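Participant: Sequence and predicted structure, then a few things I'm wondering about:
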Amino acid sequence: MRVAKYLGIPNLLVMFGYGAALLIMFFPGANPASLFWWVATPLFFAWCVAPIYIPMIVAPKSWLVTIASLCLALYGLNIYAEAMFGPGVRSTSGLIFAFFPLHQSVPAAILLLVHYVVQYFWNRLVDE
């Protein structure tokens, strides 16, 4: 309950939905019989969800961050789904999970920067 109070229900819904959809996309190339898979998948999953989760954890009560993270998550799921299940599927399509989080980290960092600049100027305006 404390997590829901801290992050808020909308953030939890975005985080759970994105994480669940990403796990579903992980399984077509999965090999659960391998011990390496059980060790590597949680770390790889954390790498893939970090650009969406970190802004919502750092700024939990911001609707700007929630909506922008939702848009970034939907865009990411579209890219992942097209790469994994789309018409141009190749043997290297799984590499999207390794490199796309770097691509998502740039707008996530810009989002946090914009959030803190707006918050700074809003607080200065309210204080005066």
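Facilitator: Sure, I can see it. Residues are numbered from 1 along each chain as shown.
Participant: Can you list the helices and strands that the biggest helix by length in the chain packs against?
Facilitator: Taking DSSP state H as the criterion, the chain has its longest helix at helix 96-127. Contacts defined by 3 or more CB pairs under 8 Å, 6 or more residues apart in numbering; DSSP states H and E place helix 96-127 against helix 35-58, helix 63-85. Placement of C-beta: from N, CA and C, glycine included.
Participant: For residue 97, find the nearest of those helices.
Facilitator: Closest to residue 97 of the helices and strands packed on helix 96-127, according to CB to CB: helix 35-58, at 5.7 Å.
Participant: who touches that closest one?
Facilitator: Identification of contacts with helix 35-58 by CB atoms under 8 Å, 6 or more residues apart in numbering yields 7, 11, 14-15, 18-19, 22-23, 26, 30-32, 65-66, 68-69, 72-73, 76, 97-98, 100-101, 104-105, 107-108, 111-112, 115.
Participant: List only buried entries from the residues you listed.
Facilitator: In the contacts of helix 35-58, burial by neighbour count holds for 7, 11, 14-15, 18-19, 22, 26, 65-66, 68-69, 72-73, 76, 97, 100-101, 104, 107-108, 111-112, 115, counting by 16 or more other CB atoms under 10 Å.
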